[in-house]
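Novice: Could you work out the structure for the sequence below:
(one chain, ligands or ions: 3)
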Amino acid sequence: MTPRRLLASSQDIALFDDAATRRIEQRAAAGRPEHALMARAGVGLLRLARAIAPHARSAWIAAGPGNNGGDGLVLATWLQRAGMAVGVTLVGHAGRTLPPDAAWALAEARAAGVTLREDLPDAATRARIDLGIDALLGFGQKRAPEGALADAIAALNGLRGPVMSVDAPTGLSTATGAKLGDAVVRATHTLALLTAKPGLFTGAGREACGEIWFDDLDVHPADDEPASAWLTGAGTAAKRLPRRGQVANKGTFGDVHVAGGAAGMVGASLLAAHAASLAGAGRVLVHAHSSDKGGVLPVDVRHPELMLRPVAELQQAIRDNRKATVVAGCGGGDDVASELPGGLSNAHRLVLDADALNAIARDAGLRAQLRARGARGLPTILTPHPLEAARLLASTAAEVQADRLAAARRLAADTGAVVVLKGSGTLVATPHGRVAVNPSGDARLATAGTGDVLAGWIAGLWSAQPATDAVVDLAFDVARAAAWIHGRACDFTAGARLPLVAGELAAHMARAAHSLAD
Ligand SMILES: NC(=O)C1=CN([C@@H]2O[C@H](COP(=O)(O)OP(=O)(O)OC[C@H]3O[C@@H](n4cnc5c(N)ncnc54)[C@H](OP(=O)(O)O)[C@@H]3O)[C@@H](O)[C@H]2O)[C@@H](O)CC1
Ligand SMILES: Nc1ncnc2c1ncn2[C@@H]1O[C@H](COP(=O)(O)OP(=O)(O)O)[C@@H](O)[C@H]1O
Ligand SMILES: [K+]
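Specialist: Ligands and ions are numbered 1, 2, ... in the order given. Take a look at the predicted model:
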């Protein structure tokens with residue numbers, strides 16, 4: 001297999017944590033001649049290096065003390081043989097015994113006449129480098145790079161041309177996507193080797209990696225090892241597009257009730273409601289708290305299909321329609337708390353966002369009710385951003401971000417709900433520990449109200465699904481599909497520099513969904 005780009009995959013991609021990658025590496029090495037895997041890694045690196053810098057005449061490789069450095073040395077040998085001016089800085093080698101594969105790669109580089117040094121290239125030399133290679137540390141890194149490693153990272157980040165990270169950017173945890181310290185390589189391209197690792201796709205990973213490519217070294221890792229997590233592919237989102245059969249009527253696609261919209265925040269509930277209707281719901285009813293206080297419009301004139309109803313009608317409506325989907329908390333304020341006991345007991349499908357999550361974080365009784373729902377087979381999807389997740393976990397946003405996968409898994413297990421942990425590389429986790437990482441979207445979504453649109457889209461898409469699959473599987477799929485379309489909407493805007501305004505997001509999501517159906 002030649003290296004391939006991962007972020008635009010149609011299929012889900014298996015991700016493997018460090019322990020699983022280690023097992024895969026050991027099994028693969030045992031069945032091959034000595035150094036064959038590392039030699040094969042060098043071929044993949046050469047192919048991508050040629051693709052990203054086809055006219056490069058000089059390359060600088062920063063090679064660390066382990067097998068990641070070994071991969072870089074194999075690449076250095078190939079580039080040297082191809083006639084390129086190649087310089088290698090060996091970082092952290094002094095006083096260490098190299099692992100056998102890396103020692104072999106060093107001997108090969110030396111034999112090929114590669115210039116090996118221990119100091120960094122000076123400024124004048126750096127200005128002439130066409131391609132930088134970060135082969136300092138890969139998935140063996142567990143602590144912050146310091147000293148000579150940090151200096152080499154700074155030198156790589158100061159290059160004017162492309163920088164390719166071997167397997168992972170140095171300074172990034174391949175397991176969690178968190179920065180290990182202050183020094184992190186900011187690559188233009190990263191080639192994941194052998195396995196795709198979750199940390200590349202979430203938290204600080206995307207920013208550090210640049211374009212992410214993958215070469216499985218012909219090992220097919222998923223054959224013998226269960227995936228630790230999955231990267232969502234377009235096919236998963238396409239699979240959940242509602243089918244609108246010829247004889248369907250609006251009842252086929254269900255009702256969504258939106259509970260939220262405190263004074264000054266009515267827009268949040270309308271954003272969610274509009275998204276729910278575009279995503280597929282048959283009818284959408286908005287119960288905004290401010291309407292009871294005389295503050296709401298009798299109609300959303302831009303979206304007159306939305307039915308604006310008093311809050312007082314919500315509980316009865318949920319009891320009367322046992323198939324309704326409820327989304328609570330968007331622009332909720334404190335008032336939404338009073339709707340939660342009834343919603344948690346009776347809503348057939350429940351999406352909880354923003355202030356509904358904050359209310360549950362404050363109230364042990366509501367938390368117990370949430371868990372009891374799951375035990376009764378009633379599915380819930382929670383859509384926290386990191387701070388809301390931290391409140392539910394009695395933790396801090398920084399702790400959540402330090403290991404987003406663990407936080408999402410723990411919250412899902414604690415609550416019995418499917419958890420959508422938002423942010424760069426949104427995660428979707430089930431109570432039994434399944435995790436999907438969303439590859440679409442970028443910081444154009446970092447504007448007020450885009451989370452309300454996501455919650456509403458989830459509810460609308462869910463409402464339109466027939467109840468054929470197991471409840472948790474369906475909730476997991478719907479959340480993954482909605483997150484994928486939400487991110488994909490970025491590609492339907494005018495350009496990369498301007499934000500995606502929440503009021504226009506659902507229409508862009510509809511375009512993204514249509515492009516999937518084509
Ligand atoms: N074998 C093969 O055939 C294949 C290998 N492959 C390649 O191997 C890479 C993994 O290699 P690896 O296990 O040797 O770990 P690597 O990331 O090079 O780190 C080296 C050592 O550095 C140390 N260290 C860590 N952090 C540090 C810090 N902050 N500051 C200072 N030191 C630090 C730490 O050792 P410690 O000091 O903890 O004893 C660590 O063990 C993988 O990413 C891929 O590129 C693949 O191509 C598949 C084929
Ligand atoms: N840098 C980013 N990359 C990808 N998605 C992002 C980024 N920043 C924000 N988002 C997405 O935008 C949405 C913001 O939601 P949220 O934080 O709840 O804001 P709000 O409450 O204002 O709606 C989430 O879906 C989040 O995943
Ligand atoms: K690296």
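Novice: does stretch 448-461 come close to ligand 2?
Specialist: Yes. Using Cβ under 6 Å from any ligand atom, stretch 448-461 reaches ligand 2 at Ala448, Gly449, Thr450, Gly451, Asp452, Leu454. The C-beta positions use only the backbone N, C-alpha and C, and glycine is treated the same way.
Novice: Tell me how many other residues surround the fifth one.
Specialist: Which is Asp452. Around Asp452 there are 32 other residues, counting by other Cβ atoms under 10 Å.
Novice: Might one say that it is in contact with Leu271?
Specialist: Yes. Using Cβ atoms under 8 Å, Asp452 is in contact with Leu271, at 4.3 Å.
Novice: Which strand or helix spans Ala187?
Specialist: Here Ala187 is covered by no helix or strand, with elements defined by DSSP states H and E.
Novice: Let me know whether it touches Met164 as I believe.
Specialist: Yes. With contact defined as Cβ under 8 Å, Ala187 reaches Met164; the gap is 6.3 Å.
Novice: out of those two, which sits in the busier spot?
Specialist: Using other Cβ under 10 Å as the criterion, Ala187 and Met164 rank with Met164 on top: 30 against 27.
Novice: ok, that one - contacts?
Specialist: 45, 48-49, 52, 131-134, 187-191 (Cβ atoms under 8 Å, 6 or more residues apart in numbering).
Novice: Check the secondary structure at it for me.
Specialist: Classification of Met164 using DSSP: H, G, I helix; E, B strand; the rest coil returns strand.
Novice: Any idea what it is bridged to?
Specialist: Beta bridges link Met164 to Ile133, His189, judged by DSSP bridges.
Novice: and it, what pLDDT?
Specialist: The model reports Met164 with a pLDDT of 98.
Novice: Could you check how many residues crowd around Met307?
Specialist: Applying other Cβ under 10 Å, we find 16 residues neighbouring Met307.
Novice: Can you show me the strands along the stretch 51-200 of the chain?
Specialist: For the stretch 51-200 of the chain, the strands defined by DSSP state E, counting those that start in this stretch cover 58-63, 85-90, 115-117, 131-135, 163-166, 189-193.
Novice: Wait, Leu405 touches Gly425, no?
Specialist: No. Applying Cβ under 8 Å as the test, Leu405 and Gly425 come out as separate, 9.7 Å apart.
Novice: Now for the two: what residues contact both?
Specialist: In contact with both Leu405 and Gly425: Thr202, using Cβ under 8 Å, 6+ apart.
Novice: rewinding a little: okay, and the common contacts of Ala187 and Met164?
Specialist: Residues within reach of Ala187 and of Met164 at once, by Cβ under 8 Å, 6+ apart, are Asp134.
Novice: out of everything not next to it in sequence, what's closest to the one residue in the stretch 301-450 of the chain that gets nearest to ligand 3?
Specialist: Closest approach between the stretch 301-450 of the chain and ligand 3, counting by Cβ to the ion: Gly425, at 19.0 Å. Closest residue to Gly425 apart from its sequence neighbours, by Cβ to Cβ, 6 or more residues apart in numbering: Thr202 at 2.9 Å.
Novice: does the one you found count as helix, strand or coil?
Specialist: Following three-state DSSP, Thr202 is assigned to coil.
Novice: Just read off the phi/psi values of it.
Specialist: In terms of degrees, to the nearest 10, the main-chain angles of Thr202 are phi -140, psi 170.
Novice: okay but it is in contact with Lys422, surely?
Specialist: No. Contact criterion Cβ under 8 Å: Thr202 and Lys422 do not qualify, at 10.8 Å.
Novice: Looking at these two, which one has more neighbours?
Specialist: Using other Cβ under 10 Å, the more surrounded residue of Thr202 and Lys422 is Thr202, with 28 against 23.
Novice: where does stretch 416-424 sit relative to the chain's centre, distance-wise?
Specialist: Put simply, stretch 416-424 sits 10 Å off its chain's centre (Cα atoms, centre = their mean, to the nearest Å).
Novice: and it, is it in reach of ligand 2?
Specialist: Yes. Stretch 416-424 reaches ligand 2 (Cβ under 6 Å from any ligand atom) through Lys422, Gly423, Ser424.
Novice: which residues touch the closest residue to the last one other than its chain neighbours?
Specialist: When the adjacent residues along the chain are set aside, Ser424 lies closest to Arg206, with 5.4 Å between them (Cβ to Cβ, 6+ apart). Neighbour list for Arg206: Leu200, Ile212, Ser424, Gly425, Asp442 [criterion: Cβ under 8 Å, 6+ apart].
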